[in-house]
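S.K.: Provided below for reference: sequence and predicted model.
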Amino acid sequence: MILLAQIISTLANIYVWIVIASILMSYFVDPYHPIRQGVDNLVRPLLDPIRRVVPPVGMFDFSPLVLIVLIQVFSNLLVRFLYAIS
């Protein structure tokens, strides 16, 4: 179970970095660049439901921040649960 908890924690951290990369690429990389499209395809399925609930405030979109917080909360809860039952 400890190995599974470590894998979940690592995957959550990798996904958080992918979300951060998506945010940075949205400022600097052309939307039709293949790498940006690939990263956006990884992040968009989880961001779209959040964007329906959390609308942009002016020019700022806080949905990636909400997604990062949710990833951290759920991964920490799952890891703690796995450590508790092992």
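M.R.: Sure, I can see it.
S.K.: hey, where'd the helices end up in the protein?
M.R.: 2-28, 34-53, 63-85 (DSSP state H).
S.K.: Save those helices as JSON lines, and put in mean neighbour count and mean pLDDT too.
M.R.: Yep, even glycine has a C-beta here, placed from its N, CA and C like the rest. Shown next, in JSON lines, are the helices of the chain (neighbours: other C-beta atoms under 10 Å; pLDDT from 0 to 100):
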{"stretch": "helix 2-28", "mean neighbour count": "14", "mean pLDDT": "96"}
{"stretch": "helix 34-53", "mean neighbour count": "13", "mean pLDDT": "96"}
{"stretch": "helix 63-85", "mean neighbour count": "14", "mean pLDDT": "96"}
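S.K.: how close does Leu24 sit to Leu47?
M.R.: 15 Å (C-beta to C-beta, to the nearest Å).
S.K.: Repeat that for Leu70.
M.R.: Taken as C-beta to C-beta, the span from Leu70 to Leu47 is 11 Å.
S.K.: Between the two ends of stretch 20-40, how far is it?
M.R.: Start-to-end span of stretch 20-40 (C-alpha to C-alpha, to the nearest Å) is 11 Å.
S.K.: Centre of the chain to that stretch, how far?
M.R.: 14 Å (C-alpha atoms, centre = their mean, to the nearest Å).
S.K.: Which residues does it contact?
M.R.: Here stretch 20-40 makes contact (C-beta atoms under 8 Å, 6 or more residues apart in numbering) with Ile18, Leu42, Val43, Pro64, Ile68.
S.K.: Surely the last one and Ile18 touch.
M.R.: Yep, that's Ile68 we're talking about. No: the pair Ile68 / Ile18 is not scored as a contact, 10.4 Å apart, by C-beta atoms under 8 Å.
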